[in-house]
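Asks: here is my input; please provide its structure:
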Amino acid sequence: MNPRNTGILLLVAAALGAFIYFYEVRGADSRREAAEREKRLFAGVEQSAIEWIALAPPAGAPSRVERREGAWRMVEPVDFPADSFAADNLASTLASLGSESVLEDPGPPEEYGLADGARVVRFSAGGKEHELRLGKDSPVGQNTYASTGSGAIYTIARYKAASFDKKTDDLRDKRVLDFDRESIRRIVASWPGGHVVLEREKPAAPEAKNAEADAKPEAPAQPGWRLVEPIAARADDEAVGEMLSDLSLLRAEGFVDDPPPDAAAGLAPPAFEIALEAPAQGEGAEPRVFRLAIGAKRDNDLRLARGAQKSLYTIQAARYESLPRDVMAYRWKQLAHFDLADAHAADFFYQAPKGDPVVIHAERGDKGWTSTPESFAAGKLDAALAALSHLKAAQIVADSMEEPKLRKLGLAPPNAVVTVFGKRPEGEKAAGGEKSAEGASEPPLPVLAEVQFGNTEGSEWIEARAAGDPTIYRLAYSLAEQLPVSLDAFRNRFRGEEAPAAPAQEPKPEPDENEDFPPAGQESP
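Replies: Numbers count the residues shown, from 1 in each chain. Down below sits the predicted model:
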């Protein structure tokens, strides 16, 4: 074939392919969109231009939501924040609502349920008001009769008509507190007989680093929480974070627009009250405060709650039960916290009833953990380190204690000490470390955690503290099933079966040169 003809055919094929793609494929989407626009009941109305929506059901109170400063708010039958998702969904449905068919030579509106008993939706877009009337379901197809006041009668998809069947509570914002968890800087919580004040610490300034050592910037450290009242102490960041998360996810089960007196609602005083303070927005503005008060039970599994609105909320009683209402619940009780994958070695130090202390050293190699001079049973060491990696106490005995009292608790000296080490940084050398085989001084292994264990209090508690922390903690006694907190605990629950020692062999007599020996591989009788 002539190369010139071949080139022409290829160009024709390419042009045909482009035509099919742009007309048949992409053009089909455009034509379908244009056809849908032609069927729209409210041509030219865009979702973002809708300013207010009013629903008037045949029975029940009418509802109206308005867009104010970019947010939806209910103004009828009560003044209340609107559910933005529900309001946006109504606006989107109105803007895109299209007819399935148009009735030719329709009868009177009463015949289609479009007279006095119709569901009416009114709205404004760009300053122009519109009306949608919804009537009976059509006898054929999954459609509903509708009209817009133009005299024409349409059928629209039944599921779209059903999206306007909203009760007042369906359009309300059910969030009891609307706040950004990361913005909260101060918390004041109170309950009958107690209270706490917490403040978020400012993040520490990053340390200067040698640019040659590491050019990669580190993520900024998240500031922690501190207790300010009734005592000054470190707070449990995890507990505070969980509480803030629970409050941000708290949703109303219902609303009470005509609240009873506070005494009847259980709000004098509240069973739990909290104020969350965030920085002001704008120069000269006051800090933002989000308040919540929870009262007595109602209908067995519900409680009344007051937020920022005049109306009261009803919330599940279980949500109230999950909120910490004890100073101890807010206090820092973490004795050890490290990534289990970072653990490289561990020492288990025990005071023996008689004789010298016993130290068991464990290291992790390519084939897992090994320990000397006594070994752990299979899987026991991994489980013990896993329990230690997130060890949290149940109680705090004292913030500090004098040595005579510490001795009575078995903590001066401690009955047992478990120390977990990380890997030695590669390439680092430090004075004072152990010397390697080449004679170079190596730095000591970094300590990931060090916990001291004292006496057991009956069958309930184990006294403990973390190295460098003067606070005395109590651990649940059941922890002895997970951690070897004493030498007896190790040997009874964690030690592996030792291989029996080989009997001592007596030295063999020197062979007599004149004695005949059997050939190799044979035994003498």
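
Asks: kindly check the end-to-end length of stretch 359-378 for me.
Replies: 19 Å (CA to CA, to the nearest Å).

Asks: actually stretch 168-188, sorry about that
Replies: From its first residue to its last, stretch 168-188 covers 33 Å (CA to CA).

Asks: buried residues in that stretch?
Replies: Buried residues in stretch 168-188, counted by 16 or more other CB atoms under 10 Å: 168, 171-177, 179, 184-188. C-betas here are computed from N, CA, C, even on glycine.

Asks: for stretch 466-482, same thing?
Replies: For stretch 466-482, the buried set under the neighbour-count rule, 16+ other CB under 10 Å, comprises 466, 469, 471-475, 477, 479-480, 482.

Asks: can you add secondary structure and pLDDT and give the residues you listed back as CSV?
Replies: Output for those, formatted as CSV (DSSP: H, G, I helix; E, B strand; the rest coil; pLDDT from 0 to 100):
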residue, secondary structure, pLDDT
466, strand, 95
469, coil, 92
471, coil, 94
472, strand, 95
473, strand, 96
474, strand, 95
475, strand, 95
477, helix, 91
479, helix, 90
480, helix, 89
482, coil, 92
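
Asks: how about those in a markdown table, adding distance to residue 324?
Replies: Below are the buried residues of stretch 466-482 laid out as a markdown table (distance: CB to CB, whole Å):
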| residue | distance to residue 324 |
| --- | --- |
| 466 | 22 |
| 469 | 22 |
| 471 | 19 |
| 472 | 22 |
| 473 | 18 |
| 474 | 18 |
| 475 | 20 |
| 477 | 23 |
| 479 | 22 |
| 480 | 27 |
| 482 | 25 |
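
Asks: just the closest of those to residue 354, please.
Replies: Closest to residue 354 out of the buried residues of stretch 466-482 is residue 480 (21.7 Å), distances taken as CB to CB.

Asks: just checking, that closest one touches residue 489?
Replies: Yes - contact status for residue 480 versus residue 489: in contact at 5.2 Å, counting by CB atoms under 8 Å.

Asks: hmm, back to that, quick check, nearest of the buried residues of stretch 466-482 to residue 418?
Replies: Nearest to residue 418, judged by CB to CB, of the buried residues of stretch 466-482 is residue 466 at 10.7 Å.

Asks: for residue 271, grab the count of nearby residues.
Replies: For residue 271, the neighbour count with other CB atoms under 10 Å is 19.

Asks: right, I mislabeled it, should have said residue 189
Replies: Considering only other CB under 10 Å, residue 189 is surrounded by 22 other residues.

Asks: show me what contacts residue 169?
Replies: 254-255 (CB atoms under 8 Å, 6 or more residues apart in numbering).

Asks: what secondary structure does it sit in?
Replies: helix (DSSP: H, G, I helix; E, B strand; the rest coil).

Asks: show me the protein divided up by domain.
Replies: Following automatic domain parsing, the chain resolves into domains at 1-34, 47-171, 181-202+224-329, 340-425+441-494.

Asks: distance to residue 41 for those - can I get that in CSV?
Replies: Conversion of the domains of the chain to CSV gives the following (distance: least, CB to CB, whole Å):
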stretch, distance to residue 41
domain 1-34, 16
domain 47-171, 5
domain 181-202+224-329, 33
domain 340-425+441-494, 59
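
Asks: thinking again about what came up before, of the buried residues of stretch 168-188, which is the nearest to residue 317?
Replies: So of the buried residues of stretch 168-188, ranked by how close each gets to residue 317 (CB to CB), first place is residue 176, at 14.0 Å.

Asks: ok, that closest one touching residue 314?
Replies: No - using CB under 8 Å, residue 176 is not in contact with residue 314; the gap is 10.1 Å.

Asks: joint contacts of the two?
Replies: 252, 305.

Asks: before we move on, the earlier item: from the buried residues of stretch 168-188, which land in strands?
Replies: Those of these mapping onto strands are 186-188, per DSSP state E.

Asks: now do the strands in the stretch 251-400 of the chain.
Replies: 254-256, 272-278, 288-298, 302-306, 312-316, 345-350, 358-365, 368-372, 395-398 (DSSP state E, counting those that start in this stretch).

Asks: ranking these by burial, who's on top?
Replies: strand 302-306 (a mean of 23; mean count of other CB atoms under 10 Å).

Asks: who does it pair up with?
Replies: In the sheet containing strand 302-306, its partner strands are strand 288-298 (antiparallel), strand 312-316 (antiparallel), by DSSP bridges.
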